[in-house]
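Trainee: turn this into a structure:
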Amino acid sequence: MMPASMCPLARMLLLVAMSACGDQPARDHGPVPAADHQAKVRELVDRVLDERHRLDGPSTYRFAAPVRDRVARWLFDAESQGQPQALGYVYGWSVEFWVTPRYLGYPVQPQSRRMAFFAAGQLRGIFSAGPGSAPFELDKWTALWVDVAWQPGRAQPPR
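Mentor: Reported below is the predicted structural model:
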């Protein structure tokens, strides 16, 4: 039993820590990204970059191999005005990549690190590094684009 004097944030962190302990069932990361996953990432990221600042041709990319990973579930939540966000993780495959955009009218840009996240065999999000100050890697990544039509809780059966 938690003391009544414990602040809400401390209670939440204690509950998350307690739920992380014990035997965990094997996580289903789904299928490995398809062979054309790099082309899909290039197309989407160039489209997102071009919407923000006009591109002067395709960007340059370098990709790492896909690895099993997890991201914070809240990254896929629609903007919730004052509503609590779901804690937990979404399991899938991450592909880290480095992109050098070529913006129209701008000097050569530096290379930046990004991560593409695949779940249920589909590209579900593009992320950049987050501040990394929250426990349990809850802010390891910041969303640049997410598949708003996909709801992680519905795509994965409850455990």
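Trainee: which helices and strands sit right next to the longest helix belonging to the chain?
Mentor: Ranked by residue count under DSSP state H, the longest helix found in the chain is helix 37-52. If you count contacts as 3 or more CB pairs under 8 Å, 6 or more residues apart in numbering; DSSP states H and E, helix 37-52 packs onto strand 60-63, strand 89-100, strand 112-119, strand 122-129, strand 141-146. Heads up, the C-betas are built off the backbone N, CA and C, glycines and all.
Trainee: now that helix, how far from the centre of its chain.
Mentor: Here helix 37-52 is found 16 Å from its chain centre; the criterion is CA atoms, centre = their mean, to the nearest Å.
Trainee: give me the below-cutoff pLDDT ranges for the protein.
Mentor: Counting by pLDDT under 70, the ranges of the chain that qualify are 1-26, 78-86, 153-159.
Trainee: again, 80 this time
Mentor: The chain contains residues with pLDDT under 80 at 1-27, 77-87, 132-139, 153-159.
Trainee: partner residues bridging Arg68?
Mentor: Trp93 (DSSP bridges).
Trainee: give me the distance between it and Leu87.
Mentor: 21 Å (CB to CB, to the nearest Å).
Trainee: who has more neighbours, those two?
Mentor: Neighbour totals were compared for Arg68 and Leu87, and Leu87 leads with 15 against 12 (other CB atoms under 10 Å).
Trainee: using the three-state scheme, assign Val71.
Mentor: Assigned with DSSP: H, G, I helix; E, B strand; the rest coil, Val71 falls in the strand class.
Trainee: what about it, how many residues nearby?
Mentor: Neighbours of Val71 (other CB under 10 Å): 25.
Trainee: cheers, nothing more for now.
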